[in-house]
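J.: pasting the structure only:
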């Protein structure tokens with residue numbers, strides 16, 4: 001069963017759009033936060049640190065993938081937020097409590113929601129543009145047909 005699940009997940013990632021991969025990464029980071037909090041509550045520091053390492057890797061990748069030339073101020077703000085989360089994760093490694101992990105989790109949930117909304121808005125705008133182009137193409141085809149019939 002595990003081999004089938006791994007193959008399914010690999011196929012899912014390989015066929016996903018960049019936007020879908022971004023959301024999957026946020027989902028993974030949030031899931032690892034939940035697991036790190038649960039491990040902390042159970043007193044399993046080894047698992048907690050392992051999950052924190054996974055969150056750290058995802059957030060580091062988010063930070064490294066920012067294009068400051070295109071993103072400008074938004075990229076700079078996101079990078080600052082990512083760096084804050086990385087500092088909180090570093091503190092969470094040493095702190096037996098959950099406070100730092102909950103801060104990171106809350107930020108990840110908010111960012112995931114924001115990205116989901118931005119992706120949906122972009123998709124709707126692209127669909128509107130596609131419909132407008134289709135309407136123009138249909139209109140032009142109608143005119144060509146009308147001229148052909150008249151000629």
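T.: Right, received. Where do you want to start? All figures in this text were calculated on a predicted structure; none of them were measured in a lab.

J.: which of the residues in stretch 98-114 are buried?
T.: 98, 100, 101, 103, 104, 105, 107, 108, 111, 112 (16 or more other CB atoms under 10 Å). All C-beta spots, glycine's among them, are computed from the backbone N, C-alpha and C.

J.: The second one in helix, strand or coil?
T.: If I follow you right, that is residue 100. helix (DSSP: H, G, I helix; E, B strand; the rest coil).

J.: mind checking how far it is from residue 17?
T.: With distances taken as CB to CB, to the nearest Å, residue 100 is found 32 Å from residue 17.

J.: One more: the third one?
T.: Here residue 101 is placed at a distance of 30 Å from residue 17 (CB to CB).

J.: How about the contacts made by residue 56?
T.: Going by CB atoms under 8 Å, 6 or more residues apart in numbering, residue 56 touches 86, 89.

J.: Can you give me the pLDDT of it?
T.: Predicted confidence (pLDDT) for residue 56: 97.

J.: Equivalent analysis for the one 3 residues further on, please.
T.: For residue 59, the model assigns a pLDDT of 97.

J.: Equivalent analysis for residue 112, please.
T.: Residue 112 is assigned 96 on the pLDDT scale.

J.: sorry, back to before: of the buried residues of stretch 98-114, closest to residue 76?
T.: Among these, residue 111 lies closest to residue 76 (CB to CB), at 15.2 Å.

J.: so how far is residue 16 from residue 76?
T.: Residue 76 sits 27 Å away from residue 16 when distances are taken as CB to CB.

J.: actually residue 62, not the one I wrote
T.: Residue 62 sits 16 Å away from residue 16, going by CB to CB.
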